[in-house]
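**Q** okay, sequence plus prediction incoming.
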Amino acid sequence: MKKVLGILSLVAVLLFVSAAASSASKGTAILPFLQMPAGARYIAMGGAGTAFVEDSTSMYWNPALIARSGANTVDFMHSSYVEDSSYDYASFEYKLKGISAVGFAIQYFSYGKVDSYDNFGNATGSMNPYNMAISAGYAINIKGFGVGVSGKMIRSEIVDEVYVPALDFGLSLPAMIKNKFLLGLAVTNISEGIKYGQETEQLPMTARLGAAYCVKDNLITAADIGFSYYEEEIYAALGAEYELKLLDAISMSFRAGYNTMSDIGGVAGLTAGFGIRVKSLMIDYAFVPMGDFGDTHRVSLSYFWF
């Protein structure tokens, strides 16, 4: 009965967000770097990570999951993006005594070197604009039910320097169907918006419902359904991972996925990648086509300890 009520609560939250958005005018949220996923492992799986993330990138996917795994983890990711832009992510989670955990994360997006001009169109040199978000979170897990929240401070520097706070919230349910099926919910980038001069722009608040199923000990499938509040758009993400044991302490994983969020043409939306694990160290790679903008590559490094 508790599991059924938990599932119903997840659905109710999503229905509430959808209903609220239906009364809002459709628009475009700013600072899209906040929606750039973290961790090459989950990116290669199409971005379907809301239910089962096993490392500190859960600070991005679902803050409730930082208390689920039994290990402390630190993660780093780098991605060369379109043109000279790049995206970096770093996170850390630490298990407290008992049933709780804390997490920290930094997101950093650089636009690269950009020429600058005055009001008359005269060149004035160049600048290096960037966006950054620093997050801190806490989660508790009681008999498999997880609840997590993280607060973030976002800094945007395009022409002027602007700061805005935001919140992420997450839920996770106990494993079901012989501990093979997982469900999770996350609502991210909850904020009053960011003010540029006299105008207030909204952040990309998103609600995601995720599921994961362990087909075998070495094969897992995952799916997310996401709802972008201000754009009033729904997207889906699907992915799978197959792990191949090479030696007792060494394994290799192969991943593939698809995400419907991209609308930039070509084969954008398809993802693929692989990872190598040696004891407590993981190196992951993701290949992400960006349509007419070219291909991008994500590389992650993860370390676990108890």
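**A** Perfect, thanks for sending it. Numbers count the residues shown, from 1 in each chain.

**Q** specify the beta-bridge partners of the nearest residue to Tyr285 once chain neighbours are set aside.
**A** Spatial nearest neighbour of Tyr285, excluding adjacent residues (C-beta to C-beta, 6 or more residues apart in numbering): Gly273 at 5.0 Å. Placement of C-beta: from N, CA and C, glycine included. Taking DSSP bridges as the rule, Gly273 bridges to Arg255, Ala286.

**Q** per-residue confidence at Gly273?
**A** For Gly273, the model assigns a pLDDT of 97.

**Q** what residues does it make contact with?
**A** Gly273 sits next to 40-41, 43-44, 255-256, 284-287, 298 when contact means C-beta atoms under 8 Å, 6 or more residues apart in numbering.

**Q** in TSV: the residues you listed, plus neighbour count, distance to Lys113 and pLDDT.
**A** Formatted as TSV, the contacts of Gly273 follow (neighbours: other C-beta atoms under 10 Å; distance: C-beta to C-beta, whole Å; pLDDT from 0 to 100):
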residue	neighbour count	distance to Lys113	pLDDT
Ala40	32	26	97
Arg41	28	31	97
Ile43	31	26	95
Ala44	28	30	97
Arg255	26	33	98
Ala256	18	35	97
Asp284	25	29	98
Tyr285	18	27	98
Ala286	28	26	97
Phe287	18	26	94
Arg298	27	22	94
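
**Q** mind giving me CSV with these and columns for distance to Ala123?
**A** Below are these laid out as CSV (distance: C-beta to C-beta, whole Å):
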residue, distance to Ala123
Ala40, 38
Arg41, 43
Ile43, 37
Ala44, 41
Arg255, 45
Ala256, 46
Asp284, 42
Tyr285, 39
Ala286, 38
Phe287, 37
Arg298, 34
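
**Q** which single one of the residues you listed is nearest to Lys97?
**A** The closest of these to Lys97 turns out to be Arg41 (C-beta to C-beta; 28.3 Å).

**Q** now the closest one: how far from His297?
**A** Distance of Arg41 to His297, computed by C-beta to C-beta, to the nearest Å: 14 Å.

**Q** with Val74 instead?
**A** For Val74 relative to His297 (C-beta to C-beta), the value is 21 Å.

**Q** with Leu96 instead?
**A** Counting by C-beta to C-beta - Leu96 and His297 are separated by 36 Å.

**Q** go on, Thr188?
**A** Thr188 is 25 Å from His297, where distance means C-beta to C-beta.
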